[in-house]
Structure formats: structure tokens, C-alpha cells
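Enquirer: following is a predicted model, sequence given first.
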Amino acid sequence: DVKVTQSSRYLVKRTGEKVFLECVQDMDHENMFWYRQDPGLGLRLIYFSYDVKMKEKGDIPEGYSVSREKKERFSLILESASTNQTSMYLCASRNTASNEQYFGPGTRLTVT
Amino acid sequence: KQEVTQIPAALSVPEGENLVLNCSFTDSAIYNLQWFRQDPGKGLTSLLLIQSSQREQTSGRLNASLDKSSGRSTLYIAASQPGDSATYLCAVRGITGGGNKLTFGTGTQLKVEL
């Protein structure tokens, strides 16, 4: 079974803090993704990585950066958290043979 | 720009009913369409993936169909159970824009009552 894990289920941070969200997958997938999910807006792609040290901006990259130093780990960084970044963050990886995406359990981030 | 719509937004049915969830998309240039299930406060679980060349996929009580030319997919759930209660999301992987992105609908919230 593919397993995608995220470092925290719930996180509360203050405005201006630097925030790291970590994601690890155990199936040697090349492609990894970060989404945020908001009521009424659905899931929106923040960043995508197609290999180690390779990244592409998604639909809403502003205020975020990412890091992929190892194939199994993809990190999302909020350089200076703001209240409008309060959201559910979902990490995913993709099997390039079957094209299926597999999601982690999500991190609910609250910025106060 | 690809847009994905799911109707209805919410659905409540008695246990045992067969039901159909609908998904429509505006750009038929897709690699595949994937159906997911999401329980409250949790991540997404992949249910079925249909490649653009396929018409349908089946897994247990679930059957998903794809009509690429009309921009539609349906998810059929047979003999619904209370454990099927969840939000169901469809997502398409479009060819334009690099082909790496999934575009999601906003989901159908299903409640199966005893």
C-alpha cells in the first residue's frame, strides 16, 4: 500500500512565523504535490515537484515556497504566515505508471 | 481554463439505494479522470481512475463511466451503506498546461441514512 504521511495533523501558528509542513511518501514516486483545500473553493494546487530539486508553481504559489532535497520528502514553507493561509493542506504523490495520485491525511493549519 | 462541476452538492439517501453522482468538465483534452472519497477532516482516498481511452472502471459496488467528448463522468454506487457517507470528489488531469495538474470539482457530500 502506498503511504503518504504528513508531519502534523493540526498546527497553530502566529502571524509572521515561518512554518514548515513536511510530507513523506514511501513508494519511490517521482511526482509530489502540495494543495490547499478551502470551503467553496475546493482543492487548489500550490506547488508541484517532478523530481529531486525540481519544482513548478501551481495555481496559487504566492506566499509559499517548497523544498525537495530527497525523493521521498517534499516540504512546504510559509516564509511569513498570514491569517489568509489558514487552511487544510494536503500532500500527494503520483505513480507515473498508473497515473493515480495518493494523498496524505492533511494538516489543518490555523494562523492567528 | 479547465473547470470541473459536481452536481448535486449534497445528497441524502436511505440505505440500500443505488445512486449516481455527476461530474462535468469543460475541456475534453484530458489524460484521465479520478474519483476520490474524503471523510470529514481527513485526506483523499482514491476510488477509481479512468484513462481517457477508457469508457468505465469498476471496483466492488462502484462503477465510474467517462464520456470524454461530452465532458461527463458518473460514479454509480450500488446498494448504498451508511459507511459510504462521505464527500466524493472528481478530478481531471488536463493535457494543456504541461499535463501535471489535477483540477478538482468541489464535491458531492453524500449521506446514507439507516
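Expert: Thanks, I have the structure now.

Enquirer: residues from chain A in reach of chain B?
Expert: With Cβ under 8 Å from any Cβ of the partner chain as the criterion, chain A meets chain B at residues A:4, A:31, A:33, A:40-43, A:45, A:48, A:50, A:56, A:58-59, A:90, A:92, A:98-106, A:108. All C-beta spots, glycine's among them, are computed from the backbone N, C-alpha and C.

Enquirer: spit out the contact partners of the nearest residue to residue B:111 once chain neighbours are set aside.
Expert: Distances taken as Cβ to Cβ, 6 or more residues apart in numbering or on different chains put residue B:12 closest to residue B:111, at 4.5 Å, once the chain neighbours are dropped. Residues in contact with residue B:12, defined by Cβ atoms under 8 Å, 6 or more residues apart in numbering or on different chains, are B:110, B:111, B:112, B:113.

Enquirer: what helix or strand is residue B:12 located in?
Expert: Assigned by DSSP states H and E, residue B:12 falls within strand B:10-14.

Enquirer: just the CA atoms of the next helix or strand after that strand, as PDB, please.
Expert: Counting by DSSP H and E, the element after strand B:10-14 in chain order, helix or strand, is strand B:19-25. What follows is strand B:19-25, C-alpha atoms only, in PDB (Å, rounded to 0.1, in the frame of the first residue of the first chain):
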ATOM      1  CA  LEU B  19     -27.300   6.300  -6.600                       C
ATOM      2  CA  VAL B  20     -25.400   8.300  -9.300                       C
ATOM      3  CA  LEU B  21     -23.000  11.200  -8.700                       C
ATOM      4  CA  ASN B  22     -22.300  13.500 -11.600                       C
ATOM      5  CA  CYS B  23     -19.100  15.300 -12.700                       C
ATOM      6  CA  SER B  24     -18.700  17.500 -15.800                       C
ATOM      7  CA  PHE B  25     -15.600  19.200 -17.200                       C
END
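
Enquirer: fine, thanks again, bye for now.
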